[in-house]
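In: coordinates for the following, if possible.
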Amino acid sequence: MDQDRGRDFRRKKYPPYKKEEKPMKRPIILMKSKDPDKTAQKSEEIAPQTILLKTRDGENRAASPQASSSKLCKDSEVTPSYQITSRSTQAEPENPLTAPPIMKESTKFLEDNCLQIQDNVLEFLTDTTDFLVVGCLGLQGVGKSTVMSHLVSPPLSVPNTSELFKVQTKSNIDSATHCTQGIDIYVTQERVILLDTQPVFSLSVMSKYLSNEGSPSLAARSCSRDDPDYPCIENDMELLSLQYAAFLLSVCHVVLLIQDNIHDPEMSRFLQIAEMLKPSTGITSGEEPIVEYFPHTIFIHSKVKPHYFTSQRLKEIQEMYKKMYAQSQLVIKSGIGIANGSVLKSLTPELCDCEPVNVFFLPSFKRKGDAKSYELTSYTELIKSLRYQINGLSPASLTNTVLSEKNWYYYASKIWENVKKSSLFPEYGRLLKTPASLETDLAIDCPVS
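Out: Next up, the predicted model:
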């Protein structure tokens with residue numbers, strides 16, 4: 001019994017001691033929720049603040065990369081929220097449909113000193129594919145810049161229209177110097193790109209390059225440095241004119257050959273040589289033949305006297321052009337001309353008794369007064385008709401892909417580089433006569449006895 005009591009006593013003695021130690025486990029009491037009043041008061045003290053940030057003018061800041069990872073924070077952590085507001089003077093995003101700026105005057109497209117395409121016109125070009133490129137060729141003083149300016153807007157309709165392309169002044173005429181240097185460009189609101197070139201076969205251009213220490217900027221030479229005639233500046237200038245013409249025949253939808261008389265056979269010969277030397281822009285597809293591109297060509301006769309506005313005269317000129325360009329691939333029958341029946345009642349295909357060729361007559365233009373010409377038709381009315389016919393022309397594609405205005409600029413830059421690097425021009429230059437070769441031919445024809 002005593003032993004049992006001792007066992008019971010020992011069992012009953014130690015457990016109460018263990019129960020007395022249980023209240024020592026205080027962490028259980030600490031995990032209880034706090035007083036709600038105090039919790040609400042503390043949450044108000046640490047409430048997030050709203051911070052307003054203003055961005056700089058024209059600056060769009062991207063969202064912080066930490067914003068996407070904020071969800072990984074603990075629920076107990078409170079992060080401040082930010083609201084970014086822009087100033088009222090912030091520039092609005094550019095509308096892609098906004099019209100490009102209007103050109104106030106022509107700008108340089110091809111610099112004559114370095115023979116490089118300039119990028120001044122890029123800001124005036126768009127991504128539209130509905131555009132027309134018109135270039136002109138002619139001798140000095142035939143009125144190329146005047147006609148190109150009036151194709152933008154007829155004279156007397158808009159002030160200072162004739163100043164879009166620089167025209168010869170009295171000082172230029174007295175000193176026999178040319179006005180247009182290289183190629184100038186102007187883009188109209190109707191998306192017509194006009195290219196005004198320097199004169200061909202110009203003594204003024206030759207004098208400029210001759211004074212430039214043998215014209216080092218020329219891309220093609222007619223003779224080598226070992227030749228006794230070097231530098232043969234006359235032939236070099238002809239090659240330069242041919243390069244300009246070949247370039248226009250490759251990048252223009254319409255090429256205007258402007259002459260100040262009834263017909264200049266030398267200009268027709270020059271244009272067909274440029275057609276022969278122009279770089280190949282043909283497209284091949286498998287075994288299909290090469291299809292070369294050739295533009296519409298319009299023969300414009302400026303400063304024409306009134307008595308030439310007759311059906312008989314026009315018939316003779318058209319028949320002459322048909323024979324001279326019989327082997328040419330230039331498009332000379334596009335329905336554009338003064339004898340298509342829509343300009344003058346007396347000049348129609350039936351009265352001229354021939355298929356109409358792209359020939360257009362323009363009388364002399366007087367700035368102070370626009371006098372009436374044949375059939376009470378003035379220069380302004382005729383240039384309006386020419387402008388409407390050119391703008392209404394459906395151009396052929398320059399390449400196998402559709403080009404936008406900006407793509408045309410880069411395409412033209414590539415074509416000009418191909419023209420400068422072409423070996424056809426130097427090879428043709430070696431066939432031209434030089435002073436030494438002329439003396440040799442003269443000695444053979446007229447031997448000294």
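In: need the helices for this structure, in chain order.
Out: Secondary structure of the chain (DSSP state H): helices located at 2-21, 27-30, 36-45, 144-152, 170-175, 203-210, 233-251, 265-277, 311-324, 349-352, 379-391, 405-421, 424-429, 435-445.
In: and for the fourth one, what's in contact with it?
Out: Yep, that's helix 144-152 we're talking about. Outside helix 144-152, the residues that touch it by C-beta atoms under 8 Å, 6 or more residues apart in numbering are 134, 136-138, 161-168, 179-180, 186, 188, 192, 194, 196-197, 199, 256, 258, 300, 302, 362, 365, 383, 386-387, 390. Heads up, the C-betas are built off the backbone N, CA and C, glycines and all.
In: so where's the stretch 101-250 of the chain uncertain?
Out: Low-confidence segments of the stretch 101-250 of the chain (pLDDT under 70): 156-163, 174-175, 212-231.
In: quick check: the gap between Leu139 and Glu111.
Out: 22 Å (C-beta to C-beta, to the nearest Å).
In: sorry, back to before: list buried residues within the contacts of helix 144-152.
Out: 134, 136-138, 161-162, 164-168, 179-180, 186, 188, 192, 194, 196-197, 199, 256, 258, 300, 302, 362, 365, 383, 386-387, 390 (16 or more other C-beta atoms under 10 Å).
In: just these: which are in strands?
Out: Counting by DSSP state E, the buried ones among the contacts of helix 144-152 place Val134, Cys136, Leu137, Gly138, Tyr186, Val192, Leu194, Asp196, Thr197, Leu256, Ile258, Ile300 in strands.
In: Glu238: which of the residues you listed is nearest?
Out: For those, the minimum distance to Glu238 (C-beta to C-beta) is 13.4 Å, reached by Leu137.
In: how near is that closest one to Met148?
Out: 11 Å.
In: with Asn261 instead?
Out: 19 Å.
In: what do you get for Phe425?
Out: Distance from Phe425 to Met148, by C-beta to C-beta: 26 Å.
In: those two: who's more crowded?
Out: Set side by side, Phe425 and Met148 show more neighbours around Met148, with 25 against 21, by other C-beta atoms under 10 Å.
In: once you drop chain neighbours, what's closest to that one?
Out: Asp196 (4.7 Å; C-beta to C-beta, 6 or more residues apart in numbering).
In: can I assume the one you found is in contact with Thr180?
Out: Yes: applying C-beta atoms under 8 Å, one finds Asp196 in contact with Thr180, separated by 5.6 Å.
In: show me whatever sits in contact with both of the two.
Out: Taking C-beta under 8 Å, 6+ apart as the contact rule, Asp196 and Thr180 both touch Lys144, Ser145, Phe165.
In: TSV for those residues, including distance to Tyr410?
Out: Formatted as TSV, the shared contacts of Asp196 and Thr180 follow (distance: C-beta to C-beta, whole Å):
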residue	distance to Tyr410
Lys144	26
Ser145	26
Phe165	24
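In: out of these, the closest to Glu350 would be?
Out: Lys144 (32.7 Å).
In: what's the distance between the closest one and Ala245?
Out: Counting by C-beta to C-beta, the gap from Lys144 to Ala245 is 13 Å.
In: check Pro100 too.
Out: 29 Å.
In: so for the two, which residue has more residues nearby?
Out: Ala245 (25 against 14).
In: got the contact list for that one?
Out: Contacts of Ala245 by C-beta under 8 Å, 6+ apart are Leu137, Val200, Phe270, Leu271, Ala274, Lys278.
In: farthest-apart pair in those residues, please.
Out: Val200 and Lys278 (14.8 Å).
In: out of the contacts of Ala245, which is nearest to Cys354?
Out: Leu271 (21.2 Å).
In: neighbours of the closest one, how many?
Out: Count around Leu271 with other C-beta under 10 Å applied: 23.
In: Glu417 now?
Out: Using other C-beta under 10 Å: Glu417 sits among 14 other residues.
In: same question for Gly392.
Out: 10.
In: what pLDDT does it get?
Out: Listed pLDDT for Gly392 reads 89.
In: what's the answer for Thr284, then?
Out: 56.
In: cool, the one 4 residues further on as well?
Out: Reading off the confidence values, Glu288 has pLDDT 63.
In: likewise Ser43?
Out: At Ser43, pLDDT is 50.
In: for the one 3 residues further on, same thing?
Out: Reading off the per-residue confidence, Ile46 sits at a pLDDT of 51.
In: likewise for the one 4 residues further on?
Out: Predicted confidence (pLDDT) for Thr50: 59.
In: repeat for the one 4 residues further on
Out: The confidence metric pLDDT takes the value 54 at Lys54.
In: do Pro100 as well
Out: Confidence for Pro100, expressed as pLDDT, is 75.
In: kindly report the same for Lys414.
Out: 94.
In: please apply the same query to Tyr379.
Out: The predicted local confidence for Tyr379 is 84.
In: I'd say it and Ser385 touch.
Out: No: counting by C-beta under 8 Å, Tyr379 stays clear of Ser385, with 10.9 Å between them.
In: Lys322: what's it in contact with?
Out: Listed by C-beta under 8 Å, 6+ apart, the contact set of Lys322 reads Ile332, Cys354, Glu355, Val357.
In: can you say which of those are buried?
Out: Ile332, Cys354, Val357.
In: so the first one sits right up against Gln318, yeah?
Out: No: under the criterion of C-beta under 8 Å, Ile332 lies out of contact with Gln318, with a separation of 9.5 Å.
In: which residues are in contact with both of the two?
Out: Joint contacts of Ile332 and Gln318 (C-beta under 8 Å, 6+ apart) are Val357.
In: look up the closest residue to Ile173, ignoring the ones flanking it.
Out: Gly141 (7.3 Å).
In: typo on my end, Leu110
Out: Nearest one to Leu110, counting by C-beta to C-beta, 6+ apart, is Ile183 at 3.8 Å.
In: for Ser280, same thing?
Out: Closest to Ser280 by C-beta to C-beta, 6+ apart is Glu292, at 6.7 Å.
In: pull out the buried positions in stretch 334-354.
Out: 334, 336-341, 343-344, 347-349, 351-352, 354.
In: what's the most distant pair in those?
Out: Maximum distance among these (C-beta to C-beta): 20.1 Å, for Ser334 and Leu351.
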